[in-house]
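Q: need coordinates for the following:
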Amino acid sequence: MSTRTHTLVTTFERDAKTLELPWRFTGREDELELIRRSLTAGHHGIVVTGPAGCGKTRLVTEAVRGGDRMRVAGTPETRHIPFAVFAHLLPETVSLHRAVQILSGVRLLLVDDAHLLDDASAALVHQLAVHGRTRLIVVAADGVPCPGAISRLWTGELLPRLALEPLPHEDTEQLLAAGVGAGLEQLTLNRLHHLSQGDLRLLRDLVDAVREHGLLIRLRPDTDEWAWRGPVPVPTTVRERTIHALERPRSDERRTLERLAFGEPLPQHMDDFDLRILEHLEADGLIRIDDHGTVRLAHPVHGPVLRAAAGRLRARRLARTPAHCAAALAAESAALTRRIEQADVRALPTPVGEWLAHEGAPVPAEYAAARARFSRLRGELREAAAWAREGLRDAPGDASCRTELALAAAQSGDAVAAREAVRGRPHLGGSAAWLAVARGDVEGAALEAFAEQEAYALYDAVRLGAPEKIADRLPADGVFALHADALARGDGPALDRAAAALEERGFLLFAAEAHAQAVRAHRDPRAARTSRTRAVALARRCQGARTPALSGLVLGELTARQRQIVTLAAAGLSNRQIAEQLTLSIRTVGNHLYSAYARLGASDRAALPWLVELPDAQPA
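A: The predicted model follows:
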């Protein structure tokens with residue numbers, strides 16, 4: 001691992017005895033509630049499908065925790081033995097009819113890995129669903145052959161189907177916070193999510209390997225955040241899970257995969273390879289070719305696995321160095337700047353810059369500032385701060401990086417960090433308005449925005465709720481002017497349309513703010529609730545954003561007791577703590593929160609900070 005001499009390196013240690021304990025279940029609250037509802041009166045169960053490793057089994061286990069149920073699971077070894085998975089529940093010789101009679105008395109049956117069931121067991125599960133006396137939770141993997149009797153559970157509409165996607169980024173962050181037991185900085189979170197692709201088993205294996213190799217370090221003495229820099233450790237579990245795909249029978253295919261692995265992070269074009277070999281690898285799902293003809297390995301973890309298998313000396317000879325990446329890094333920086341100027345910040349791949357940061361190599365301040373600004377405009381505030389700090393490590397006085405750090409901190413409600421970022425240079429371009437917000441002076445912040453000339457800084461006046469003086473100074477045909485005009489007219493539907501246009505261009509935080517402003521502008525309560533729901537959903541993706549437009553949205557719609565309980569919940573108190581403080585039962589607190597969530601359009605506590613203005617919170 002390459003580190004800089006002034007970087008504080010403290011190794012993260014954890015008691016080895018705790019490493020094998022299950023991580024606390026977190027995320028997927030909506031899916032959890034859906035499964036639980038499928039087991040209530042009038043419902044016969046549910047089928048849960050999804051890619052391998054996405055957490056299907058853990059989800060359904062959590063959904064039935066504490067309840068009376070029986071569990072069976074298919075295995076590859078027994079898929080040709082009739083009624084194999086039910087052997088402990090049925091006589092040695094039994095007909096399908098008799099098996100249905102015996103198991104009809106089971107209240108709840110959980111069938112895991114149903115794609116591996118033998119035909120007789122699959123038929124039994126299907127018949128139990130037909131008769132409807134046993135509630136069923138059936139779990140099956142996507143992308144693999146499945147017995148027809150199982151697939152007909154949902155295609156024949158006997159049971160509803162919940163198709164799980166890989167764990168999304170926001171839920172991965174929650175899971176890592178619970179599993180690691182320490183805060184991870186944003187670039188490390190992004191790296192782990194990218195490598196695992198939402199596969200929870202792979203994520204666990206990678207985290208364990210990083211910890212066991214002592215790769216978690218504290219980059220700054222003033223924070224409890226830990227970072228991972230350096231190469232990807234490849235544990236045996238990961239190697240064993242990928243070897244069947246990567247060990248090709250043809251040596252030319254193996255060499256092509258290895259060439260792609262050692263070419264990372266630089267793009268490679270299909271014209272530089274034998275097209276017949278690429279066709280075979282693409283058919284087997286090992287490579288991807290984009291519209292520009294760029295070839296990459298299909299899964300991010302395949303590159304590290306191939307490099308690890310090549311041997312240390314060969315890897316040292318073939319691996320890329322930062323010097324090889326200068327031209328590609330400049331191209332990435334130019335692409336980021338161009339997209340910002342075009343008011344289009346939809347996701348843009350930046351593999352070279354990310355590789356430099358992940359390896360611990362110096363990141364040029366110019367690139368870091370562009371990457372930070374792009375992230376901030378997308379609403380990725382913690383990521384923006386992380387990129388700004390990467391640039392400041394080797395250029396501590398860089399004005400652009402310090403500005404981005406201040407803006408990200410101020411829009412996250414961290415007034416202290418915002419002031420620290422511009423200490424000694426309080427008038428860094430574009431930061432004055434948000435420093436005023438951090439001081440609690442929203443009116444003064446709007447005046448600061450009026451004085452700006454640059455479009456994004458000028459647009460801050462719209463975000464701060466004062467569009468009147470600047471609507472005609474924004475590009476007339478642009479999405480920012482659309483937002484300004486709608487807000488100036490107090491037009492709720494137009495604000496929602498502006499929010500949709502902002503979201504389409506990647507401005508998630510701006511879209512959340514426009515929806516939040518629409519809540520106050522709508523005359524129709526139903527339209528206001530829809531806008532609020534959209535604002536909350538977008539704000540949850542903005543990494544802790546706390547701006548004036550997002551604060552205090554809907555407490556007025558709650559009863560006095562609900563407002564009291566929701567405010568305490570938003571401050572981080574558990575149901576038990578709230579009950580003790582207000583002299584209520586825990587059940588009463590839970591009921592009030594449930595009713596409040598329904599009115600707020602929220603699903604859990606994670607949404608509350610964007611809805612509630614905490615009494616002791618910074619106004620930003």
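
Q: read off the pLDDT value for A449.
A: A449 carries a pLDDT score of 84 in this model.

Q: would you check that it makes contact with A455?
A: No - assessed by Cβ atoms under 8 Å, A449 is found out of contact with A455, at 11.3 Å. For every residue, glycine as well, the C-beta is placed using N, CA and C.

Q: gap between A335 and P322?
A: Distance from A335 to P322, counting by Cβ to Cβ, to the nearest Å: 19 Å.

Q: same check, this time on D118
A: Remark: distance between D118 and P322 (Cβ to Cβ) = 55 Å.

Q: who has more neighbours out of these two?
A: Using other Cβ atoms under 10 Å as the criterion, D118 and P322 rank with D118 on top: 20 against 15.

Q: who has more neighbours, A449 and A455?
A: Counted by other Cβ under 10 Å, A449 and A455 do not tie: A449 has more neighbours, with 25 against 16.

Q: element containing the more buried one?
A: helix 442-450 (DSSP states H and E).

Q: going on from that helix, what's the next piece of helix or strand?
A: Downstream of helix 442-450 (by DSSP H and E), the next one is helix 455-463.

Q: so that next one versus helix 442-450, what angle?
A: Put simply, helix 455-463 runs at 150 degrees to helix 442-450, going by axes from the mean of the first three to the mean of the last three Cα atoms, to 10 degrees.

Q: now the helix or strand bottoming out on mean pLDDT in the chain, how far from the chain's geometric center?
A: One helix or strand of the chain scores below all others by mean pLDDT, DSSP states H and E: helix 586-600, with a mean of 77. Centroid displacement of helix 586-600 relative to its chain, using Cα atoms, centre = their mean, to the nearest Å, is 26 Å.

Q: for stretch 348-364, same thing?
A: So, by Cα atoms, centre = their mean, the centroid of stretch 348-364 is 20 Å from its chain's centroid.

Q: and if you look at stretch 251-258?
A: Relative to the centre of its chain, stretch 251-258 is centred 33 Å away, using Cα atoms, centre = their mean.

Q: and that stretch, which residues are buried?
A: Residues E253, R254, T256, L257, E258 are the ones in stretch 251-258 that count as buried (16 or more other Cβ atoms under 10 Å).

Q: and P91, what does it touch?
A: Shown in contact with P91 (Cβ atoms under 8 Å, 6 or more residues apart in numbering): R98.

Q: how does it look with 7 Å?
A: The contact partners of P91, by Cβ atoms under 7 Å, 6 or more residues apart in numbering, come to none.

Q: likewise for A436?
A: G444, A445, E448.

Q: which of those residues tops the neighbour count?
A: Busiest of the contacts of A436 [other Cβ under 10 Å] is A445, holding 27 neighbours.

Q: leaving out chain neighbours, which residue sits closest to it?
A: A436 (3.8 Å; Cβ to Cβ, 6 or more residues apart in numbering).

Q: and the helix holding A449, how far from the chain's centre?
A: For helix 442-450, the distance to the chain centre is 33 Å (Cα atoms, centre = their mean).

Q: name the residues that touch that helix?
A: Helix 442-450 is contacted from outside by 432-434, 436-437, 457-458, 460-461, 464, 466, 469-470, 548, 619, using Cβ under 7 Å, 6+ apart.

Q: again, only using 10 Å
A: 410, 430-439, 441, 457-470, 473, 547-548, 619-620 (Cβ atoms under 10 Å, 6 or more residues apart in numbering).

Q: please flag which of the residues you listed sit within strands.
A: Judged by DSSP state E, the contacts of helix 442-450 include no members of strands.

Q: could you flag which of those residues are buried?
A: 410, 430-439, 457-464, 466-467, 470, 473, 547-548, 619-620.

Q: in helices, which of those residues fall?
A: Under the assignment DSSP state H, the buried ones among the contacts of helix 442-450 contribute 410, 432-438, 457-463 to helices.

Q: hmm, which of those is lowest in pLDDT?
A: Where pLDDT dips furthest among these: A438, at 76.

Q: please name the nearest non-neighbouring residue to that residue.
A: A415 (3.7 Å).

Q: distance of that neighbour relative to G440?
A: 8 Å.

Q: and P548, by the same measure?
A: 10 Å.

Q: quick check: next helix or strand after the helix or strand encompassing L176?
A: In the assignment (DSSP H and E), L176 maps to helix 169-180. Moving toward the C-terminus from helix 169-180, the next helix or strand (DSSP H and E) is strand 183-184.

Q: what sits up against that following strand?
A: Against strand 183-184 from outside (Cβ under 10 Å, 6+ apart): 12, 173, 176-177, 189-192, 207, 210, 216, 223-228.

Q: got the CA coordinates for the host helix or strand of V207 in CSV?
A: According to DSSP H and E, V207 maps onto helix 200-212. Provided in CSV are the C-alpha atoms of helix 200-212 (Å, rounded to 0.1, in the frame of the first residue of the first chain):
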residue,chain,number,x,y,z
LEU,A,200,-23.8,-9.9,1.0
ARG,A,201,-21.7,-13.0,1.3
LEU,A,202,-19.0,-11.4,-0.9
LEU,A,203,-19.3,-8.2,1.1
ARG,A,204,-18.7,-10.1,4.4
ASP,A,205,-15.8,-12.0,2.9
LEU,A,206,-14.1,-8.8,1.7
VAL,A,207,-14.6,-6.9,5.0
ASP,A,208,-13.2,-9.9,7.0
ALA,A,209,-10.2,-10.0,4.6
VAL,A,210,-9.5,-6.3,4.9
ARG,A,211,-9.7,-6.5,8.7
GLU,A,212,-7.5,-9.6,9.0
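
Q: next, the buried residues of it.
A: Under the neighbour-count criterion of 16+ other Cβ under 10 Å, helix 200-212 has L200, L202, L203, R204, D205, L206, V207, D208, A209, V210, R211 buried.

Q: before we move on, back to that, show me which of the buried residues of stretch 251-258 is closest to L573.
A: L257 (52.5 Å; Cβ to Cβ).

Q: tell me the secondary structure for the closest residue to that closest one other than its chain neighbours?
A: Among residues not flanking L257 along the chain, L306 sits closest, at 5.9 Å (Cβ to Cβ, 6+ apart). Secondary structure, DSSP: H, G, I helix; E, B strand; the rest coil: L306 is helix.

Q: pLDDT wise, what is L306 at?
A: At L306, the model reports a pLDDT of 93.

Q: just the one 5 residues further on next, same as before
A: At G311 the predicted local distance difference test score is 80.
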